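A.B. asks: I need the structure of the sequence given here:
(chains A, B, C and D, ligands or ions: 4)
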Protein chains: 2
Amino acid sequence: MLPYEHFGYIGAMTDSPNDVTPDRLRKADALPPSDQHAQQYAAVRNAHETELLEDYVELIADLLEHQGEARSTDIAARMGVSQATVSKTVTRLKSLGLVSSKPYRSLFLTEKGEAMAAMSHQRHAIVLQFLRALGVNDRTARIDAEGMEHHVSQETLEIMQRYTREQGGRDA
Amino acid sequence: MLPYEHFGYIGAMTDSPNDVTPDRLRKADALPPSDQHAQQYAAVRNAHETELLEDYVELIADLLEHQGEARSTDIAARMGVSQATVSKTVTRLKSLGLVSSKPYRSLFLTEKGEAMAAMSHQRHAIVLQFLRALGVNDRTARIDAEGMEHHVSQETLEIMQRYTREQGGRDA
DNA sequence: GCTACAAGTTAACCTTGGCTAAAATACTGT
DNA sequence: ACAGTATTTTAGCCAAGGTTAACTTGTAGC
Ligand SMILES: [Mn+2]
Ligand SMILES: [Mn+2]
Ligand SMILES: [Mn+2]
Ligand SMILES: [Mn+2]
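C.D. replies: Numbering: from 1, shown residues only, chains lettered A, B, ... in the order given. Ligands and ions are numbered 1, 2, ... in the order given. Prediction:
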């Protein structure tokens, strides 16, 4: 079921055999101090806690804007999961005060939900536009952005934005 | 417990009020076709399935290289989780044929585990070096790379690598 | 106004990835 | 050699995010 039964990638871009990497690059390979290292992983676990919620509220906002309402069938279709899964996640979103709805009716965002959706949307757009500006194919850029967006710091976001702005004028 | 109780970010970089965005940029905001959208999310769910395994084998390889052995105490400290958690995850890694060890002894990678570690390490390095080349602070770059690495396509990796190579000579 | 179908919910189940507390094993110093 | 400490494993717990199957509710057509 899992991949990694076979590896085609390595070797193609492995460090060249006669390695001439200067030391300033090589020594960066050492492990970071243990506590800093732990903070890296903690940040990732943290991002994973809100990731799905962000995608949901963002999608709900998009549906409200582009289709007028956010039905859980549409969410299920767009997320590629069952309606039961959507139902359960929506329950969680409601209990977190991000979404409101009456049973068997369309979904809405609370103030808090809208704020989260706006932030997520903005961040998503910055990452997507950056990837396109870098030269990544639109289809691929959308896939990568969907995952990357949740792991990009404020600092990096700003740099991406600057790059896109400067690069944007060049061609596109 | 979860964030998003308060938002400081928005407004700082929201689309400017008197918006002059040309149409070619604006219309990209439309939702992608439903099935393509679903594939985006599926790709993310997919990445999440192997993410932790990749981080583990990568860390084990690093420990073997830099400390001579990979003890689960060290893994627990570096990952910032309890030893019980490491023990359970290692059981899973073994059942997947990525790690081998005798009970109460140090850990080793199988062939398959080493292949996965090498790939993961390489990808991780490309992303990290790219972020640094972009101008992201090392500490931040490490945090972002730890999460981003699992969501970067081959295509994007190659572009990142090229950028780092070209930009690398400029300053640094 | 019924009937049929679409949409939404609920129940029961599974895996992953965390935790704490307790038990088992290994290691170290005297 | 063995006492005490450090390490590893196990057991029992929990939440998130997924599934299918069965049930409920809403809605459109006739
Ligand atoms: Mn998003
Ligand atoms: Mn996303
Ligand atoms: Mn990694
Ligand atoms: Mn990682």
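A.B. asks: is chain B within reach of the longest helix seen in chain A?
C.D. replies: Counting residues, the longest helix found in chain A (DSSP state H) is helix A:34-67. Yes. Using Cβ under 8 Å from any Cβ of the partner chain, we find that helix A:34-67 touches chain B at A:34, A:36-44, A:47-50, A:53, A:55, A:62-63, A:66. (C-beta placed from N, C-alpha, C; glycine too.)
A.B. asks: quick one: mean pLDDT for stretch A:46-66?
C.D. replies: For stretch A:46-66, mean pLDDT rounds to 98.
A.B. asks: residues in contact with it?
C.D. replies: A:69-71, A:74-75, A:78-79, A:89-90, A:92-93, A:96, A:98-99, A:107-109, A:113-114, A:116-118, A:120-121, A:124, A:146, A:150-151, B:2-4, B:30-31, B:41, B:48, B:147 (Cβ atoms under 8 Å, 6 or more residues apart in numbering or on different chains).
A.B. asks: ok, back up a step: just the buried ones from the residues of helix A:34-67 next to chain B?
C.D. replies: The neighbour count (16 or more other Cβ atoms under 10 Å in any protein chain shown) marks A:37-41, A:43-44, A:47, A:50, A:53, A:55, A:62-63 as buried among the residues of helix A:34-67 next to chain B.
A.B. asks: ok, so of those residues, who is nearest chain B?
C.D. replies: Nearest to chain B among those: residue A:38, at 3.3 Å, using Cβ to the nearest Cβ.
A.B. asks: shouldn't the closest one be in contact with residue B:78?
C.D. replies: Yes. At 6.0 Å, residue A:38 counts as touching residue B:78 under the criterion of Cβ atoms under 8 Å.
A.B. asks: what about the residue lying closest to residue A:85 once chain neighbours are set aside, neighbour count?
C.D. replies: In space, not counting the residues next to it along the chain, residue A:85 is nearest to residue A:76; the distance is 7.3 Å by Cβ to Cβ, 6 or more residues apart in numbering or on different chains. Residue A:76: 17 surrounding residues under other Cβ atoms under 10 Å in any protein chain shown.
A.B. asks: ramachandran angles for residue A:76?
C.D. replies: phi -60, psi -50 (degrees, to the nearest 10).
A.B. asks: that one and residue A:86 touch, don't they?
C.D. replies: Yes. Counting by Cβ under 8 Å, residue A:86 is a contact partner of residue A:76 at 4.7 Å.
A.B. asks: next to ligand 1, which bits of chain A? Give me the list.
C.D. replies: For chain A, the contact set with ligand 1 under Cβ under 5 Å from the ion comprises A:58, A:124.
A.B. asks: so where is chain A shaky, pLDDT-wise?
C.D. replies: A:1-28, A:169, A:171-172 (pLDDT under 70).
A.B. asks: residue in it nearest to DNA strand D?
C.D. replies: In chain A, the residue that lies nearest DNA strand D is residue A:84 (3.1 Å; Cβ to the nearest atom of the strand).
A.B. asks: so that residue: helix, strand or coil?
C.D. replies: helix (DSSP: H, G, I helix; E, B strand; the rest coil).
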